[in-house]
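pasting the structure only:
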């Protein structure tokens, strides 16, 4: 059992909370606004600014909101496992990422909090596929990239404890490719080529 | 029916030839070496340097080999639909693409042959999934990016005529994301996370 803090109470945050709860982990959810605070009685609810109790912290926020939250917790995240699930798109055009072409949102966050173990994960999964645990007939796979093997194993165990598949996608450098995949999948859904409850399934 | 020329007689070239033949298209296969020339009697076989008879030309070659072949046919490719299926990896490290981070192999080829309609496609499909037509239980989907809608529709019809799914993945700018996806999928197979007969299936 791991204590997991999820920052953000939207669709992605709720889906990740469900996975962590299904595996018997302790779950704290910190909303950005008090009126969005989690009402699930299994969850310890709070707002951003409250003390983080988790050893694993999932930032279930839009890309532009993460950096400010990292600042809010400056000095309190060292040694923790931080999970970045953002897709740093220019949502006004759906035609570009807003991070440098040779970098990634995850790399930026890792540079901002060098004492933490940053993972890129969950950004290639639509919330519905995390909640149902499937993409079509296939079990949902969460791809995890990061530079710390123990951190990846800890987070993989949380995902697998919730009944989903976890696959090690390599070093944090691969966040660039995971963000490209997330970007592509978003454009396909926005263009109605696929539904928001489907997308790319990883077949082994 | 469309006349299709496939340059390259390896696994990918053979798989694409099979798809085009299944749909009743005319197929010419040009090998780089005479002793690799196609022996399938349904196919018009030849070697690079022979006159291209297809209106659609699939470059089923490793990335480093394409540019020289484009030079060989300088002035003879205008108006044709060129399909780039390369994954421009540094195969010595499996850790980088060898094209600029903000560009793609397809964009480079399009700049080299500005009179042709360049499509990025097939680079996210392992050869085995093109031959069997499936990725796990799902029908294989060929993602097609390009700037010319008619060219994309023509190539999509060839893919669908062979029993596979085709999905318009947007403008040629999306080649960057398709190449990232192909890169990621190759690293997963090379790392034995998935088999060379599986990979990402697109579920609608």
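Here it is on my side, so go on. Being a predicted model, the structure only gives us computed values, none of them experimental.

these two touch, right, residue A:129 and residue A:195?
No - with contact defined as CB atoms under 8 Å, residue A:129 does not count as touching residue A:195 (10.2 Å). The C-beta positions use only the backbone N, C-alpha and C, and glycine is treated the same way.

higher neighbour count, these two?
More neighbours surround residue A:129 than the other of residue A:129 and residue A:195, with 26 against 13 (other CB atoms under 10 Å in any protein chain shown).

buried ones in the host helix or strand of the more buried one?
Here residue A:129, judged by DSSP states H and E, is contained in helix A:127-132. Buried residues in helix A:127-132, defined by neighbour count with 16 or more other CB atoms under 10 Å in any protein chain shown: A:127-131.

Which residues of chain A lie near chain B?
A:95, A:100-102, A:135-138, A:167-171, A:173-174, A:176-178, A:180-181, A:183-184, A:187-188, A:191, A:193-195, A:198-204 (CB under 8 Å from any CB of the partner chain).

next structured bit after the longest helix seen in chain A?
Longest helix in chain A, counting residues (DSSP state H): helix A:175-190. Counting by DSSP H and E, the element after helix A:175-190 in chain order, helix or strand, is strand A:199-203.

Mind listing the strands that next one pairs with, and their directions?
Each strand that pairs with strand A:199-203, with its direction, by DSSP bridges: strand B:199-203 (antiparallel).

Between helix B:175-190 and the partner strand, find me the angle.
Angle, strand B:199-203 to helix B:175-190, by axes from the mean of the first three to the mean of the last three CA atoms, to 10 degrees: 130 degrees.

for chain A, where's the lowest mean pLDDT among helices and strands?
Lowest by mean pLDDT, DSSP states H and E among the helices and strands of chain A is strand A:44-47, with a mean of 94.

Packing partners of it?
strand A:26-31 (3 or more CB pairs under 8 Å, 6 or more residues apart in numbering or on different chains; DSSP states H and E).

Now do the strand it packs on: everything it contacts.
Strand A:26-31 is contacted from outside by A:1-9, A:13, A:17, A:20-21, A:37-38, A:40, A:42-50, A:52-54, using CB atoms under 8 Å, 6 or more residues apart in numbering or on different chains.

just how off-centre is that strand within its chain?
From the chain centre to the centre of strand A:26-31 is a distance of 14 Å (CA atoms, centre = their mean, to the nearest Å).

Then stretch A:179-192?
Worked out by CA atoms, centre = their mean, stretch A:179-192 lies 16 Å from the chain centre.

same check, this time on stretch A:72-85
For stretch A:72-85, the distance to the chain centre is 13 Å (CA atoms, centre = their mean).

Next, the buried residues of that stretch.
Those would be A:73, A:77, A:80-85, for stretch A:72-85 by 16+ other CB under 10 Å.

if we can go back for a sec, what lines up beside the next helix or strand after the helix holding residue A:129 in the sheet?
On the C-terminal side of helix A:127-132, the closest following helix or strand by DSSP H and E is strand A:134-135. On the basis of DSSP bridges, the sheet neighbours of strand A:134-135 come out as strand A:138-139 (antiparallel).

Point to the residue nearest the middle of chain A.
residue A:85 (3.1 Å; CA atoms, centre = their mean).

Pull the number of nearby residues for residue A:40.
14.

Oops, could you answer that again for residue A:71 instead?
With other CB under 10 Å as criterion, residue A:71 counts 10.

Give me the phi and psi for it.
Dihedral pair for residue A:71: phi -60, psi -40, per degrees, to the nearest 10.

ok, it to chain B distance?
28 Å (CB to the nearest CB, to the nearest Å).

moving C-terminal of the least confident helix or strand of chain A, what's the next helix or strand?
strand A:56-59.

ok so, going back, quick check: which helices or strands does the longest helix of chain A pack against?
Secondary elements touching helix A:175-190 (3+ CB pairs under 8 Å, 6+ apart): helix A:105-112, strand A:117-121, strand A:141-146, strand A:199-203, helix B:175-190.

to the chain's geometric centre, what's the distance from it?
That offset, for helix A:175-190, works out to 14 Å (CA atoms, centre = their mean).

Give me the angle between it and strand A:141-146.
Using the same axes, to 10 degrees: helix A:175-190 against strand A:141-146 is 150 degrees.

Buried ones in helix A:175-190, by neighbour count?
A:175-189.

Average pLDDT for it, rounded please.
Mean pLDDT, computed over helix A:175-190, is 98.

who touches it?
A:84, A:87-89, A:94, A:97, A:99, A:102-107, A:120-121, A:123-124, A:126, A:143, A:145, A:169, A:194-196, A:199-200, B:101, B:167, B:169-170, B:174, B:176-178, B:180-181, B:183-184, B:202.

returning to that earlier point: please work out which residues outside the least confident helix or strand of chain A touch it.
A:26-34, A:37-39, A:53.

Low-confidence ranges, chain A, go.
A:37-38 (pLDDT under 70).

buried sites along stretch A:87-102?
A:87-89, A:97, A:99.

swap that for stretch A:45-57, sorry
A:45-48, A:52, A:54-57.

what's the first-to-last distance across that stretch?
14 Å (CA to CA, to the nearest Å).

what does stretch A:189-204 give?
Stretch A:189-204: ends 24 Å apart by CA to CA.

Just give the number of residues close to residue A:22.
Look at residue A:22: counted by other CB under 10 Å, it has 14 neighbours.

Kindly list the main-chain dihedrals of it?
With angles defined as degrees, to the nearest 10, residue A:22 sits at phi -60, psi -30.
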